[in-house]
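A.B. asks: Structural data only, the sequence is not supplied:
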């Protein structure tokens, strides 16, 4: 029985020996291939997106300046009006009568002026000749001055009556869009009443008031003081507007000012932008978002977002290939996302080769083979990944 098992054992030993020899002769595994981008500083326009609301460029609440009955409303609600256009007509009859009365009183005072002046002049001559007493002359001179004062008084009264008569035609103080009327024909109104008859809003141009947190304001000021941002560009005050439905407004706005008072309830300041609004697309009270330019960073470092991963604590990291072809880990400080890339404020230096693809199959300290990121994406036929580096290089 033993001699029958001997050939089988010998054959198994030969087979095992052959397998071990094959394993020893296997070539070394090739280095894993990774796609990298080389860090190159570039000039980038930094922007920030802020929420805000639109408000009218000018607002005028129409109130009567005299009391009376509204005879007629002379505008169409919701229409555009011009400055000086008559909006309401108050019954002018009592004001016309008051003007006529004051004119008559003025005429009476002016008619008596000639006689009073002549009497005063005669008494002055007679006083020299001792023909009248000093008291008679003083009375004549006082009567002249009183008559002259009465004339000035009635002139003022005529002017006041004429102004009140003109106030019966309630006019638009500014051009713009007028809203609904709070009164109808025949309504009784009082001078300077608290309830406005109507409201006019000028909508071209129009204001957009944005809210910016004090944290962002302080960060922006610190970057300017450290020379990280340059605000000397010609388009620094240009602002792009995004409407509530996500579409971009066709015209650019201009930054007017940044308020110096912080809202204690929100901890933010107001930025006021002026936008042209010839077609009336922007209406007061609309919620919008605006893209405001912070400045130009001339030595910005941008890397694709897929090159950044996170530690279990959430800290951003990136893998780079050093001069010896080995993988090293770098802790990063990220500023913000710009389209498909991260703006890195610390952790990378110019010339670093940042690994973008192939991160899953390597670890720090491993030797790798480096290929350019765009070339590696083209070989894999991944058009979506290939489009990201092209857009980053264009910027």
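C.D. replies: Here it is on my side, so go on. In this text, all values refer to a predicted model and were calculated from it rather than measured experimentally.
A.B. asks: Now do the contacts for residue 95.
C.D. replies: By CB atoms under 8 Å, 6 or more residues apart in numbering, the residues touching residue 95 are 66, 68, 161, 164, 165, 167, 168. The way it works is simple: take the backbone N, C-alpha and C, and place the C-beta from them, glycine included.
A.B. asks: where does the stretch 151-300 of the chain have low pLDDT?
C.D. replies: The stretch 151-300 of the chain contains residues with pLDDT under 70 at 233-234.
A.B. asks: can you give me the helices for it?
C.D. replies: Using DSSP state H, counting those that start in this stretch, the helices found in the stretch 151-300 of the chain span residues 214-225.
A.B. asks: still on that earlier bit, Serialize the contacts of residue 95 to a markdown table and add fields for neighbour count and distance to residue 47.
C.D. replies: Formatted as a markdown table, the contacts of residue 95 follow (neighbours: other CB atoms under 10 Å; distance: CB to CB, whole Å):
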| residue | neighbour count | distance to residue 47 |
| --- | --- | --- |
| 66 | 19 | 53 |
| 68 | 20 | 56 |
| 161 | 19 | 60 |
| 164 | 21 | 56 |
| 165 | 19 | 57 |
| 167 | 18 | 51 |
| 168 | 23 | 54 |
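A.B. asks: Now distance to residue 49 too, for the residues you listed, in TSV please.
C.D. replies: Putting the contacts of residue 95 into TSV (distance: CB to CB, whole Å) gives the following:
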residue	distance to residue 49
66	50
68	53
161	59
164	54
165	55
167	49
168	51
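A.B. asks: pretty sure residue 119 contacts residue 140?
C.D. replies: Yes - assessed by CB atoms under 8 Å, residue 119 is found in contact with residue 140 at 5.1 Å.
A.B. asks: Residue ranges of each domain in the chain, please.
C.D. replies: 33-43+299-394, 47-57+202-298, 65-90+169-195, 92-167 (automatic domain parsing).
A.B. asks: Which strands and helices lie in contact with the one helix or strand residue 50 maps to?
C.D. replies: For residue 50, the host element (DSSP states H and E) is strand 42-62. Packed against strand 42-62 by the contact rule (3 or more CB pairs under 8 Å, 6 or more residues apart in numbering; DSSP states H and E) you find strand 176-178, strand 198-213, strand 268-275, strand 287-304, strand 333-338.
A.B. asks: Now with 7 Å, please.
C.D. replies: strand 198-213, strand 287-304 (3 or more CB pairs under 7 Å, 6 or more residues apart in numbering; DSSP states H and E).
A.B. asks: If you compare the directions of the last one and helix 214-225, what angle comes out?
C.D. replies: Spelled out, that is strand 287-304. 50 degrees (axes from the mean of the first three to the mean of the last three CA atoms, to 10 degrees).
A.B. asks: between strand 287-304 and strand 268-275, how many degrees?
C.D. replies: Using the same axes, to 10 degrees: strand 287-304 against strand 268-275 is 100 degrees.
A.B. asks: after strand 287-304 comes which helix or strand?
C.D. replies: By DSSP H and E, the next helix or strand past strand 287-304 is strand 309-310.
A.B. asks: Give me the below-cutoff pLDDT ranges for the stretch 1-150 of the chain.
C.D. replies: Ranges of the stretch 1-150 of the chain meeting pLDDT under 70: 1-28.
A.B. asks: Strands of that one, start to end?
C.D. replies: Secondary structure of the stretch 1-150 of the chain by DSSP state E, counting those that start in this stretch: the strands cover 33-38, 42-62, 68-73, 80-81, 86-90.
A.B. asks: Are there helices or strands packed against the fourth one, and which ones?
C.D. replies: Counting contacts by 3+ CB pairs under 7 Å, 6+ apart, the secondary-structure elements packed against strand 80-81 are strand 176-178.
A.B. asks: returning to that earlier point: take the helices and strands packed on strand 42-62 and lay them out in JSON lines including distance to residue 362 and mean neighbour count.
C.D. replies: Converted to JSON lines, the helices and strands packed on strand 42-62 look like this (distance: least, CB to CB, whole Å; neighbours: other CB atoms under 10 Å):
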{"stretch": "strand 198-213", "distance to residue 362": "40", "mean neighbour count": "20"}
{"stretch": "strand 287-304", "distance to residue 362": "17", "mean neighbour count": "18"}
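A.B. asks: Need the ones you listed in a markdown table (columns: distance to residue 266).
C.D. replies: Formatted as a markdown table, these follow (distance: least, CB to CB, whole Å):
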| stretch | distance to residue 266 |
| --- | --- |
| strand 198-213 | 6 |
| strand 287-304 | 15 |
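A.B. asks: Could you say which one of those comes nearest to residue 239?
C.D. replies: strand 287-304 (5.2 Å; CB to CB).
A.B. asks: From the chain's centre, how far out is the closest one? Work that out for me.
C.D. replies: Offset of strand 287-304 from its chain centre (CA atoms, centre = their mean, to the nearest Å): 16 Å.
A.B. asks: same deal with stretch 43-57?
C.D. replies: Using CA atoms, centre = their mean, the offset of stretch 43-57 from its chain centre is 5 Å.
A.B. asks: For that stretch, which residues meet the burial criterion?
C.D. replies: By 16 or more other CB atoms under 10 Å, the buried positions in stretch 43-57 come out as 44, 45, 46, 47, 50, 52, 54, 55, 56, 57.
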